[in-house]
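# pasting a predicted model and its sequence here:
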Amino acid sequence: MPNTAVYPGSVGAVLNGEYKIYQKSGPIVVMSPGVSYDINYLPDGTLTDRNVSLKYSIKFRNTAMLIATGKNIFQKLPQDFDVLDPEGDSTLLKGEEYNWNEFRVEFTSNTRSLFTYALSTSGGEFYNGNRISVAGLLSYRFQPFGSISLAADYNHIILPPEYGTATFLLLSPRLDLTFTDKLFLTTFVQYNDRYDNVNLNARFQWRYKPASDFFIVYTENYFAEVFTSKNRALVLKFTYWLNLYKLEYIVMSRLVNSCDRL
């Protein structure tokens with residue numbers, strides 16, 4: 001999709017409708033057919049985006065969920081851009097109009113289990129070509145210490161010969177650790193073959209007071225093929241929750257007490 005930075009502002013609206021069918025027995029709790037309409041214009045009144053979606057979701061008693069979606073998408077490009085490489089030479093030109101249909105099916109397992117997973121697949125037309133996408137998430141909680149997960153996203157885009165074909169893979173392992181009720185560590189790694197990049201992000205959190213935290217964040221980017229560093233940063237962040245209501249209550253109490261003494 002074109003980066004929103006190419007838009008000189010926009011005006012839009014979203015309408016959603018859903019009908020819920022509750023089940024009195026069986027593994028299903030509720031089934032929900034729905035429809036949504038999303039439209040966007042440039043400030044001069046030019047229609048740039050219109051999405052019409054039909055959705056059917058099924059929620060199970062064990063908290064699992066199945067969702068199927070069909071979507072019709074219209075776009076009129078406000079700027080030139082390249083579908084396969086945002087930094088490459090533009091292949092789709094400003095003012096061109098595209099209309100395509102795509103589908104998506106996703107399933108999320110029982111979220112109360114220690115081991116959970118989510119799977120999704122989508123496909124259909126994509127601008128002047130076709131796209132197939134598969135994504136998944138595996139997660140395991142080792143209570144009460146934390147969780148480990150792995151997310152993957154695969155996209156295969158087939159455009160006409162003069163535009164090209166590409167396959168993109170995104171892998172994202174993550175580790176969350178809870179040392180105490182005040183000390184936490186989150187480590188996130190992401191491999192993106194589209195940009196030949198590996199990103200490491202580690203965040204240490206100390207909650208010294210309710211809603212008040214001290215963070216130490218380290219991030220570094222590497223070239224994936226040779227695994228040499230591109231850039232790195234160390235960031236310190238401090239937050240403090242100021243309870244203005246409590247402060248106001250203390251001040252008012254002191255004023256009342258002073259008046260009573262008078």
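Right, received. Where do you want to start?
# C-alpha from now on. contacts and neighbour counts both.
Will do.
# in stretch 135-152, what's buried?
135-137, 139-140, 146-152 (16 or more other CA atoms under 10 Å).
# chain center to it, what's the gap?
Put simply, stretch 135-152 sits 17 Å off its chain's centre (CA atoms, centre = their mean, to the nearest Å).
# check stretch 21-38 too.
24 Å.
# give me the contact list for it.
By CA atoms under 8 Å, 6 or more residues apart in numbering, the residues outside stretch 21-38 that reach it are 12-20, 49-62.
# can you rerun that using 10 Å?
12-20, 49-73 (CA atoms under 10 Å, 6 or more residues apart in numbering).
# with only the CA atoms kept, save it in CSV.
The C-alpha coordinates for stretch 21-38 follow below in CSV (Å, rounded to 0.1, in the frame of the first residue of the first chain):
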residue,chain,number,x,y,z
ILE,A,21,-26.5,-14.7,16.5
TYR,A,22,-26.1,-16.2,20.0
GLN,A,23,-26.1,-19.9,20.5
LYS,A,24,-27.6,-21.5,23.6
SER,A,25,-25.6,-24.7,23.4
GLY,A,26,-22.7,-26.3,21.6
PRO,A,27,-19.1,-25.2,21.1
ILE,A,28,-20.1,-21.9,19.5
VAL,A,29,-21.0,-18.8,21.6
VAL,A,30,-21.9,-16.3,18.9
MET,A,31,-21.8,-15.9,15.1
SER,A,32,-21.5,-12.4,13.6
PRO,A,33,-22.0,-11.5,10.0
GLY,A,34,-21.0,-8.0,9.3
VAL,A,35,-20.2,-5.3,6.8
SER,A,36,-17.9,-2.3,6.7
TYR,A,37,-17.5,0.7,4.4
ASP,A,38,-14.3,2.8,4.5
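# that concludes my questions; thank you for your assistance.
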